[in-house]
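A.B. asks: Okay, here's the prediction I keep looking at, along with the sequence it came from:
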Amino acid sequence: MDNRRLLGAVAGAVLLLGAAWFGIDLSGDPAPPSAPTRESTRPSTTQSPPARSTTRTPSAETERTCPLDTLPEQAELVVEDILAGGPFDHPAHDGKHFGNYERRLPRENNSYYREYTVETPGLRHRGERRIITGGGSDRDPDVWYYTDDHYDSFCLIPDAEENR
């Protein structure tokens, strides 16, 4: 009987840690409605070339562009934080390795991509919105992407560094 309890406790802990790692809320509380943000449209689907010359062939998914002013206000704040080198709202996660395991971004070496949380008003967890940067340095990435659906789709932010 004690072994079963121990096994159950370990399995529960693994489940909770896995859910926390992937930003899944297991509390059972319905998600509160999102506070209004200044944007009311999804990122633009305008086709444009990548922000820099490259030999990589991005997928059709990453050819979509979303200029910074079409993204939530919180995304602009994260871009400012990245360019300043921090501080970040989620230091345990922000600026850390992004594995591109879904392979929705162009394939690169293992340390190329980094991820940053874009807050969603009203949520008590990190939510689904992220900015992914690639290449360059921490304060001067070569490429910027945005996702509002936790890596299911991305768009290229062509003007993230324009107002530097």
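C.D. replies: Arrived safely, thanks for sending. Numbers count the residues shown, from 1 in each chain.
A.B. asks: and residue 11, what element?
C.D. replies: helix 2-21 (DSSP states H and E).
A.B. asks: again, but for residue 82
C.D. replies: helix 73-84.
A.B. asks: for that helix, packing partners?
C.D. replies: Secondary-structure packing of helix 73-84 (3 or more C-beta pairs under 8 Å, 6 or more residues apart in numbering; DSSP states H and E): strand 113-117, strand 130-134. C-betas here are computed from N, CA, C, even on glycine.
A.B. asks: contacting residues around that helix?
C.D. replies: Helix 73-84 has contacts (C-beta atoms under 8 Å, 6 or more residues apart in numbering) with 37-39, 68-69, 87-88, 95, 116-121, 129, 131, 133, 138-141, 144, 146, 157, 160-161, 164.
A.B. asks: Now the buried members of those.
C.D. replies: 68, 88, 95, 116-120, 129, 131, 133, 141, 144, 146, 157, 160-161 (16 or more other C-beta atoms under 10 Å).
A.B. asks: can I assume residue 105 is in contact with residue 134?
C.D. replies: Yes - using C-beta atoms under 8 Å as the test, residue 105 is close enough to residue 134 to be in contact (7.3 Å).
A.B. asks: Counting neighbours, go ahead and name the busier of those two.
C.D. replies: In this view residue 105 and residue 134 are compared by other C-beta atoms under 10 Å, and residue 105 has more residues nearby, 23 against 18.
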